[in-house]
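Novice: quick one, structure for this:
(chains A and B)
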Amino acid sequence: MSDKSTRRQFLQGCARAAGAAAVGAVALKLVKRADADKVWQLDPKLCSECGLCATRCVLKQSAVRAVNNFDECGYCRICPAYFDTTSEEKDDGTFTRLVCPRNAIRRKLVGKADPADPNNNYYEYTIDETRCNGCARCVERCQPNAGNGALHLQVRHDLCRDCNQCSIAAACPPAAFYRARLADAPAGYRRRGAAKKGAKA
Amino acid sequence: MARVTPSSTPTHPVLSPPSRWLLAVLCLVLVAALTRPVRAQFQQPTPGADDVGGKPTPTYPEPRGQVLRVLDMVLLAGGLGLSTWLVLKVRRRAWLIVASAAAVAYFGFYRGGCICPVGAGQNVALSLLDPTYTISIVITVFFLLPVALALFFGRIFCGAMCPLGALQDLLLIHPLRVPRWIDRPLRIVPWAYLLATVYFIAGGVAFHFAGRTFNGTVGRDFLICRFDPFVDLFRALNLRAAAGRWHELSGLWSGDGSWWHRLSSLWSGGWHRLSSLCSGLFEFTGPAWFWWVTGGLIALGLVIGRPYCRWLCPYGAILGLASRAANRSVTVQPRGQDCRHCGLCTPSCPFGAIDDCRASAARCLACARCFASCPMEKRRRRAG
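Specialist: Below is the predicted model of the structure:
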């Protein structure tokens, strides 16, 4: 009995040592090339404005929001991302329908108003983040040739649950959604057409 | 270029009448096609900051701080240490229930089921297979710490610290004994699940190395996360969102004037605000069909001990294997005392993990239920 138990204990000890060695080897290998914590980020340069961010997030209201980069925004009176320019035109040149299905864009007259030519007036467009769900319809219409490309999608890290497998990333057609280090985050914030920055006429 | 004036009227029309119509229609189509993009040309140069009275800066909220991520690791290590002490030294289930509830509250509902050691194995496997996929030390520790502990003390992690296991254990109200002929074949499923998980991760890496570029994450599928039956439940109670709306709750007691005023305003308007706050607390997300899986497993778990841990969990398979080497795993009788083979402990285990009065290290989930049934343990408790 005691002989059997010592043999058993010996085998167990060997297995334990092997297991500990395996755990140690994995730990050593992974800790050596360990990286700072990465978070799910959306690369606006790759984004195709497909709208899946709004529907695929595990949160009811997606953690992705549209963000206006005011340095790029034209402050246009008729913003193609605000007004649905395919809808009926009003007398004052604005349009009857808005682009945002959740009415999340706020439009405000800023700067000195020019009564002679209203198109000279500047309007500030801000996103109401309690309403925005990142459907990207405004982002799509702000793309260059129509707009300046100031609107872009971003993951709101305070809302993101940081799932191990992001369901948006799994669905994203251009693979614009990936884990990146926070230190690398500013690269992710660069929008499409950022090369035009400073091209002020 | 000199302007050419027609010297004579052409005797034959250049285009036949049907072609002319076609040309006209084509022109109309072209005009119609062109007007929309032209109308959409609203692009303006961005004005200076002075023109618009100062530009706001877009905000980019920071993620959960590094300190808090390390706190997760510290809490897991502390929780595991505490569970080991409670199971092997204190040997009382009551305290383990408290630890289970804490684990469900923190790792489950507060952290939303992510990060968890069960899923962390996938990150570790992918990182081992694909050197470009780097993971943080926190994830590595989350996967390895319970395994290292199992090498010495058995599946202590399963006992209370695993939010999935603890949730099922807290909901186990009337355990029924599962016949051996059902239990034994089902115990193979975790290994099959583990193999499938590694296959889906490795398959993704193979695609990755083959230069397939259609989508970096397709193929690198994390099966355990995708089919985690309780994560939708953990996400449903959004404690983080509730914490963000805490000020609304404190606003319920605001208002000026006397206590009586405050109390009456709370009575009149407070209930409405409180109910809106509560409705914001619950968010039923995820695919609807998956709630049937969650509900089914929970319903099953009311009468059958931990169905997920015993017959599905791939991490449990790894921990079970590691536990076979454990030298200080759970013993029903107090450690160092001889078993009297009375057989009272066998039916006390809701997971069928006691064979011939010995707790099987591979299957024991360290729930501390069996201790109370052991006469030797009763004697120990009376003595100390």
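Novice: which parts of chain A are strands?
Specialist: Along chain A, the stretches classed as strands by DSSP state E are A:38-42, A:64-68, A:105-110, A:122-127, A:151-155, A:177-181.
Novice: gap between the second one and the chain center?
Specialist: Just to be clear, that refers to strand A:64-68. Per C-alpha atoms, centre = their mean, to the nearest Å, the displacement of strand A:64-68 from the mean C-alpha position of its chain is 7 Å.
Novice: what does it rub up against?
Specialist: Strand A:64-68 has contacts (C-beta atoms under 8 Å, 6 or more residues apart in numbering or on different chains) with A:42, A:53-54, A:57, A:104, A:125-127, A:129, A:132-134, A:136, A:138-139, A:150-156, A:168, B:58, B:60. No exception for glycine: its C-beta is placed from N, CA and C like everyone else's.
Novice: give the buried subset of those residues as a PyMOL selection command.
Specialist: Command for PyMOL that selects the buried part of the contacts of strand A:64-68, burial taken from 16 or more other C-beta atoms under 10 Å in any protein chain shown:
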select buried, (chain A and resi 42+53+54+57+104+125+127+129+132+133+134+136+138+139+150+151+152+153+154+155+156+168) or (chain B and resi 58)
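Novice: residue contacts, the closest residue to B:Thr140 other than its chain neighbours?
Specialist: In this structure, B:Thr140 finds its nearest non-sequential neighbour in A:Leu30, 4.5 Å apart by C-beta to C-beta, 6 or more residues apart in numbering or on different chains. A:Leu30 sits next to B:Val124, B:Ser127, B:Leu128, B:Ile135, B:Ile137, B:Thr140 when contact means C-beta under 8 Å, 6+ apart.
Novice: what's near enough to touch the first one?
Specialist: If a contact means C-beta under 8 Å, 6+ apart, then B:Val124 has A:Val26, A:Leu30, B:Ile135, B:Ile139, B:Thr140, B:Phe143, B:Leu144 as its contacts.
Novice: counting neighbours, what do you get for the fifth one?
Specialist: Yep, that's B:Thr140 we're talking about. B:Thr140: 21 surrounding residues under other C-beta atoms under 10 Å in any protein chain shown.
Novice: could you measure B:Tyr106 against chain A, distance?
Specialist: 15 Å (C-beta to the nearest C-beta, to the nearest Å).
Novice: bridging residues for the residue lying closest to A:Glu129 once chain neighbours are set aside?
Specialist: Leaving aside its sequence neighbours, A:Glu129 sits nearest to A:Arg65 (C-beta to C-beta, 6+ apart; 5.2 Å). Assessed by DSSP bridges, A:Arg65 has beta-bridge partners A:Gln154.
Novice: tell me which residues of the longest helix seen in chain A are tucked away?
Specialist: Assignment by DSSP state H gives helix A:2-32 as the longest helix of chain A. Neighbour counts using 16+ other C-beta under 10 Å place A:Gln12, A:Ala15, A:Arg16, A:Gly19, A:Ala20, A:Val23, A:Val26, A:Ala27, A:Leu30 of helix A:2-32 among the buried residues.
Novice: tell me how chain B divides into domains.
Specialist: Following automatic domain parsing, one gets these domains for chain B: B:66-238+B:299-330, B:241-281.
Novice: hey, which of these is tucked in deepest?
Specialist: Highest mean neighbour count among these (mean count of other C-beta atoms under 10 Å in any protein chain shown): domain B:66-238+B:299-330, with a mean of 20.
Novice: so for it, mean pLDDT?
Specialist: Averaged over domain B:66-238+B:299-330, pLDDT sits at 90.
Novice: next, the distance between the ends of it.
Specialist: Terminal residues of domain B:66-238+B:299-330 are spaced 36 Å apart (C-alpha to C-alpha, to the nearest Å).
Novice: need the contact list for B:Arg177.
Specialist: With contact set as C-beta under 8 Å, 6+ apart, B:Arg177 has these partners: B:Pro347, B:Gly352.
Novice: now A:Glu140: how far from chain B?
Specialist: Distance from A:Glu140 to chain B, by C-beta to the nearest C-beta: 12 Å.
Novice: mind pulling the model confidence for that residue?
Specialist: A:Glu140 is assigned a pLDDT of 93 by the prediction.
Novice: ok, it touching A:Glu49?
Specialist: Yes: using C-beta atoms under 8 Å, A:Glu140 is in contact with A:Glu49, at 3.8 Å.
Novice: comparing those two, which shows the higher neighbour count?
Specialist: Taking other C-beta under 10 Å, A:Glu140 and A:Glu49 do not tie; A:Glu49 has more neighbours (23 against 19).
Novice: quick one: that one and chain B, what's the gap?
Specialist: Taken as C-beta to the nearest C-beta, the span from A:Glu49 to chain B is 15 Å.
Novice: so what's that residue up against?
Specialist: A:Glu49 touches A:Ala136, A:Arg137, A:Val139, A:Glu140, A:Gln143, A:Leu153, counting by C-beta under 8 Å, 6+ apart.
Novice: now do the contacts for residue 166.
Specialist: Since you didn't name a chain, this refers to chain A. Applying C-beta under 8 Å, 6+ apart, the residues contacting A:Cys166 are A:Trp40, A:Phe177.
Novice: think we crossed wires, I meant chain B
Specialist: B:Ala99, B:Ser100, B:Ala101, B:Ala103, B:Val104, B:Gly108, B:Ala160.
Novice: secondary structure element for it?
Specialist: Here B:Ala166, judged by DSSP states H and E, is contained in helix B:163-170.
Novice: list the helices and strands the very next helix or strand once past that helix packs on?
Specialist: Downstream of helix B:163-170, the first helix or strand assigned by DSSP H and E is helix B:180-186. For helix B:180-186, the packing partners by 3 or more C-beta pairs under 8 Å, 6 or more residues apart in numbering or on different chains; DSSP states H and E come out as helix B:307-311.
Novice: could you identify the helix or strand that succeeds the helix it packs on?
Specialist: helix B:314-323.
Novice: that next one and chain A in contact?
Specialist: Yes: counting by C-beta under 8 Å from any C-beta of the partner chain, chain A is contacted by helix B:314-323 at B:Ala322.
Novice: residues contacting A:Ser87?
Specialist: A:Phe95, A:Thr96, A:Arg97.
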